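Colleague: sequence and predicted structure, then a few things I'm wondering about:
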Amino acid sequence: MVPSRPPRPFLASWLRRTRKQLAPSGRLSEVALILSQREGNSADYWNGWLRRVLEEEDLLPTLDQLTAIDAILAKPKPRQVAAPELLLF
């Protein structure tokens, strides 16, 4: 018997990844504060909303909400440092 796949494989993998990224202490509150500044509502609202999304399977975020959270959690690109020989001329 083939193991059944979740009905929404993208959402299931997003939830797994996001739970890991929000596991460190204070990270969920930090994301909630950033969402409140960008999207409106209070940080408490976003904190509760994020917890419900991560814990309940029936509360589904919109694609815009997924994208906003991913953008916040994305690691910043390392800045390229100019090679010393290029700075001489």
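Modeller: Sure, I can see it. Just so you know, these numbers come straight off a predicted model, no measurement behind them.

Colleague: now the chain, which segments are flagged as low pLDDT?
Modeller: Counting by pLDDT under 70, the chain has low-confidence residues at 1-7, 57, 77, 80-89.

Colleague: please enumerate the helices of it.
Modeller: 9-21, 27-39, 43-55, 63-73, 84-87 (DSSP state H).

Colleague: with mean neighbour count added, can I get those helices in a markdown table?
Modeller: C-beta coordinates here come from the backbone N, C-alpha and C atoms, glycine included. Output for the helices of the chain, formatted as a markdown table (neighbours: other Cβ atoms under 10 Å):
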| stretch | mean neighbour count |
| --- | --- |
| helix 9-21 | 13 |
| helix 27-39 | 16 |
| helix 43-55 | 15 |
| helix 63-73 | 14 |
| helix 84-87 | 7 |
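
Colleague: is it correct that Val53 is in contact with Leu66?
Modeller: No - the criterion here is Cβ atoms under 8 Å, and Val53 misses it with Leu66 at 9.5 Å.

Colleague: check contacts around Arg38.
Modeller: Residues near Arg38 by Cβ atoms under 8 Å, 6 or more residues apart in numbering: Ala68.

Colleague: that one and Asp44, how far apart?
Modeller: 16 Å (Cβ to Cβ, to the nearest Å).
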